[in-house]
Structure formats: C-alpha cells, structure tokens
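*Asks:* structure of the sequence below:
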Amino acid sequence: MKLAVFAFTRKGCRLALRCRDALMPEDCRMVTMEKFGFAGFEAYSPPLSGCMKPYFSWADQILFIGSTGMAVRAIAPWVTDKKQDPGVLVVDEGGTFVVSLLSGHIGGANALAVRLARAIQAQPVVTTATDVERKFSVDTWAAERNLHIGDFTLCKAVSAGILEEDVPICSQYPLPKTLPAGLVEGTCGKLGIYVGLDGKKPFDQTLVLTPRVLTLGIGCRKGTPETAIEEAVAAVLASRGLPLEAVEQAASIDLKAGEAGLLSYCEQKKIPIRFYSAAELEAVPGDFTPSAFVSSVTGVDNVCERAAARNGDPLIVRKTACRGVTVAVSRKKWEVTF
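*Replies:* This is a model prediction of the structure:
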C-alpha cells in the first residue's frame, strides 16, 4: 500500500505518525504545512487543493488528520471515478473517529478505516449502504479477491438489488455452502452474479466477475512492435477461450526490460510485468520446450514458458510463436471464498 498522510497542526503531525506506524504501509509520504518543519514530513504551501494532484495519482490511500470539510475541498478537483480514485480517510485530531470518505469499497477505504480505528482505539465511520445493512458488498469482495468487474453499471445494480432482496450467484468454481447475507445460489433470473473465466452469462443481466489468475510469459525479438505482441497474446488467449481480463501479470527475461513494444503493451493493458535473470529462469523446475537459438542469445533454453512458470503455477499453454513473439500461460489455483 502506498499511503499519503496530511496533517495541519503539530498535534495532528504526532497523530499522523501514530497512524503511519499502525498501518505499516509499503511506502508512505507524510505531508504538513511548510511552517511546521516536522522531521520526515514533506512541506506544502496553501492552498492544499493546489498540491494534491501528484499525491492523488500516486497513492493507494490518502489519510487526512483534520476535518472532513478540509479533506473534501482538497480532493474535490481531482476526483474522477470509483474505478481509479484512491481510498480517502479522515481522522479527527483527537483520534476519536476514522471516517471512510471516498472509494470505500473498491478503493479499500472502508476496510482500512476499520483496521486503523482498531489500532488507535477510535470509532470507524462507514456510511455505504451495504455495510450499514450488513449485506454483501460485491465491489469490496471483487477488490479483496482480485476479480475484474465486467460492468460497473451492473455492479451498482447488484449492490442496490441486494438491499431489497437476495441476488443469485453461480460460478465456474464451487461455491461454499454458506453464502454472505444478500446472496443466494442460483442459475437464472433477471439479475445475478457469475464468477468465472469461460464467458457464461446465465442471467438476463449478468455481472461477470473474472478471477485474475493468469500469468503471461512473453519472449520477443529485439524491436518487436506493440501491435505484434498484442496480436500474439490475443491469439493465444482466444485459442483457449480465455479473457484478457483474467491476466494478473506478465513476465519475461531481464534482457527485455527496456523493450519498448513490450513495455507499451503492458502499460496500455494495465498488466504489471516482472523481469527475471537468466539464472532465475534456469532455476525454475519443470519440463520446458528447449531452443538452442534462444539459449545462445539469452543464456537460458526457454524464456516464455519458464517466465510464466516462475511463480510456481502450472502451464496451461505451452510456447506458442506468432510474428516474432512467443507466449506461454500459467494459471494459479483459485477458489470462491467470502
């Protein structure tokens, strides 16, 4: 988690440090007014809204120590939509309340508010309807279980429907015997949820949730254009009836870490990519398709298959070549849990 914390008084700065230590983020930027000069804090000059843009685009979560009104005015120019806005929380200077202000479900602010309140002995304030009614929140669950939401309009419809009556759910994966409040197992109806990779839509209006379980192993010639990589990946996935939305990450050898076409493709598709050394790929256990030419160039007998299997998941698509690009796919084990 990348966390930005804003405080506006000396007392607020001290509480900000407590909150940071309680949350233990992977990366944290502490911010206060220039005049305080608190050690370890970045300084800003008013108005606050004028300096928010880089923090709003960088952070996964933003925490304000102060009033909700101040926080609202600070973020108002930069709010776009729930699919990409960070979670925003507010803690009063007395440390009495932790308010989930923005992106409570997908952004994770609701869960973080509860976690932080427990840590600093405060009261969490969560106002989203499904949480208030103690009903299943489909977008929170999707974020927690790394599921791609196929249609945000239907996501809203499901959230609204759950407040009125149970909504049916079915899945390519086995469902647990006990479902959360607001869900019922079913395979037909006007509105429902389907969890899977096979493209089924059993309801009149089906909210498809796709588990991100695939890793793409990609190898390519030097200078391969983005379009060639896109075509190769699309062809491989289509041959197995797999959606691009099921891809969690891509992987390749570190010799390709500066390959413009590969980097551009992953950036455009919002697919994280990891690069491994030849020694790391060579150490991957398993039976892979060898190539003397690839070995002479890279120092390892196969790039795409070994890169896809580097995380320990089994290959479901072996090395497939297309327009100077090789693609392999692994799939991790996944199950429906609530």
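*Asks:* wasn't residue 140 part of a helix?
*Replies:* Yes. The assignment for residue 140 by DSSP: H, G, I helix; E, B strand; the rest coil puts it in a helix.
*Asks:* wait, what's in contact with the nearest residue to it once chain neighbours are set aside?
*Replies:* Sequence neighbours aside, residue 105 is the residue nearest to residue 140 in space, at 4.2 Å (criterion: Cβ to Cβ, 6 or more residues apart in numbering). The way it works is simple: take the backbone N, C-alpha and C, and place the C-beta from them, glycine included. Residues in contact with residue 105 (Cβ atoms under 8 Å, 6 or more residues apart in numbering) are 82, 128, 137, 139-140, 143.
*Asks:* hmm, try it at 10 Å
*Replies:* Counting by Cβ atoms under 10 Å, 6 or more residues apart in numbering, residue 105 makes contact with 82, 87, 111, 128, 130-131, 137-144, 155, 159.
*Asks:* pLDDT weak spots in the stretch 101-250 of the chain?
*Replies:* Scanning the stretch 101-250 of the chain for pLDDT under 70 picks out no residues.
*Asks:* what are the phi and psi values for the residue of the chain positioned farthest from its centre?
*Replies:* Distance to the chain centre peaks in the chain at residue 292, reaching 38.1 Å (criterion: Cα atoms, centre = their mean). Dihedral pair for residue 292: phi -60, psi -40, per degrees, to the nearest 10.
*Asks:* still on that earlier bit, if you rank the contacts of residue 105 by neighbours, which is first?
*Replies:* Among the contacts of residue 105, the one with the most neighbours (other Cβ atoms under 10 Å) is residue 138, at 28 neighbours.
*Asks:* quick check: the gap between it and residue 149.
*Replies:* Distance check for residue 138 against residue 149: by Cβ to Cβ, to the nearest Å, it reads 8 Å.
*Asks:* what sits in contact with each of these two?
*Replies:* 155, 158, 207, 209.
*Asks:* so what secondary structure elements neighbour whatever helix or strand the third one lives in?
*Replies:* In this structure, residue 207 sits in strand 205-211 according to DSSP states H and E. With contacts defined as 3 or more Cβ pairs under 10 Å, 6 or more residues apart in numbering; DSSP states H and E, strand 205-211 has these neighbours: helix 138-144, strand 147-149, helix 152-164, strand 167-171, strand 191-195.
*Asks:* could I get these as a markdown table with distance to residue 44?
*Replies:* Output for these, formatted as a markdown table (distance: least, Cβ to Cβ, whole Å):
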| stretch | distance to residue 44 |
| --- | --- |
| helix 138-144 | 30 |
| strand 147-149 | 34 |
| helix 152-164 | 33 |
| strand 167-171 | 45 |
| strand 191-195 | 43 |
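*Asks:* so which of those is nearest residue 8?
*Replies:* Checking the helices and strands packed on strand 205-211 against residue 8 by Cβ to Cβ gives helix 138-144 as the closest, at 29.7 Å.
*Asks:* that older thread, can you give me the buried ones in the very next helix or strand once past the strand holding residue 207?
*Replies:* Downstream of strand 205-211, the first helix or strand assigned by DSSP H and E is strand 214-220. Neighbour counts over strand 214-220 (16 or more other Cβ atoms under 10 Å) mark 214-220 as buried.
*Asks:* doesn't residue 317 belong to a strand?
*Replies:* Yes. Remark: residue 317 belongs to a strand, assigned using three-state DSSP.
*Asks:* surely it meets residue 232?
*Replies:* No. Counting by Cβ atoms under 10 Å, residue 317 stays clear of residue 232, with 11.6 Å between them.
*Asks:* give me the common contacts of those two.
*Replies:* With Cβ under 10 Å, 6+ apart as the test, residue 317 and residue 232 both reach 216, 327.
*Asks:* about what we covered before: what angle sits between the strand holding residue 207 and helix 152-164?
*Replies:* 110 degrees (axes from the mean of the first three to the mean of the last three Cα atoms, to 10 degrees).
*Asks:* what ranges does this structure have for its helices?
*Replies:* For the chain, applying DSSP state H gives helices covering 10-23, 53-58, 68-75, 109-120, 129-132, 138-144, 152-164, 226-239, 260-268, 278-282, 292-298, 304-309.
*Asks:* so what does the second one touch, helix or strand wise?
*Replies:* Counting by 3+ Cβ pairs under 10 Å, 6+ apart, the packing neighbours recorded for helix 53-58 are strand 2-7, strand 27-33, helix 68-75.
*Asks:* please repeat the previous calculation with a cut-off of 7 Å.
*Replies:* strand 2-7 (3 or more Cβ pairs under 7 Å, 6 or more residues apart in numbering; DSSP states H and E).
*Asks:* so what strands line up beside the strand it packs on?
*Replies:* Paired with strand 2-7 in the same sheet, following DSSP bridges, are strand 27-33 (parallel), strand 61-65 (parallel).
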